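*Asks:* Quick check, what structure comes out for this input:
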Amino acid sequence: MKAESKRLAHMRQNPKADWTIKDVEALCEEYDILFAAPRGGGSHCKIAHSGHAAILTIPYKRPIKPVYIRKLVEFIDSVRLSHE
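*Replies:* Residues are numbered from 1 along each chain as shown. From the prediction side, this is the model:
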């Protein structure tokens with residue numbers, strides 16, 4: 001798996017920043033992680049990876065709370081570790 005991206009490093013250092021759902025989507029794309037926007041009246045995005053059993057959900061509304069950014073960073077770390 002590739003080295004840590006700048007966006008991931010910034011999220012790790014400052015989860016309280018004004019992150020948007022577009023930032024989350026772009027980060028998922030960088031690491032080949034599935035990002036599914038809410039459909040049919042849903043309010044949460046789903047984040048998943050084929051090599052990872054868990055599915056992370058993040059509220060689609062803005063601002064995104066720091067706890068969800070921390071969970072996203074942990075999710076990506078676990079996906080990266082499983083590919084080493």
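*Asks:* quick one, longest strand in the chain?
*Replies:* The strand of greatest length in the chain, counted in residues with DSSP state E as the criterion, is given as strand 52-59.
*Asks:* list the buried ones in that strand?
*Replies:* For strand 52-59, the neighbour count (16 or more other C-beta atoms under 10 Å) marks 52, 56-58 as buried. Glycine gets a C-beta too; all of them are placed from N, C-alpha and C.
*Asks:* Output the contacting helices and strands for that strand.
*Replies:* When contacts are defined as 3 or more C-beta pairs under 8 Å, 6 or more residues apart in numbering; DSSP states H and E, strand 52-59 packs onto strand 44-49, helix 66-82.
*Asks:* which intervals of the chain have sub-threshold pLDDT?
*Replies:* Scanning the chain with the threshold set as pLDDT under 70 gives 1-2, 84.
*Asks:* Point to the residue nearest the middle of it.
*Replies:* In the chain, the residue lying closest to the centroid (C-alpha atoms, centre = their mean) is Leu72, at 3.9 Å.
*Asks:* so how far is Leu81 from that one?
*Replies:* Note on Leu72: its distance to Leu81, by C-beta to C-beta, to the nearest Å, is 15 Å.
*Asks:* Give the closest residue to Gly42 in space, chain neighbours not counted.
*Replies:* The shortest distance from Gly42 to any non-neighbouring residue, by C-beta to C-beta, 6 or more residues apart in numbering, is to Tyr60 (7.9 Å).
*Asks:* okay, now that neighbour: neighbour count?
*Replies:* By other C-beta atoms under 10 Å, 14 other residues sit near Tyr60.
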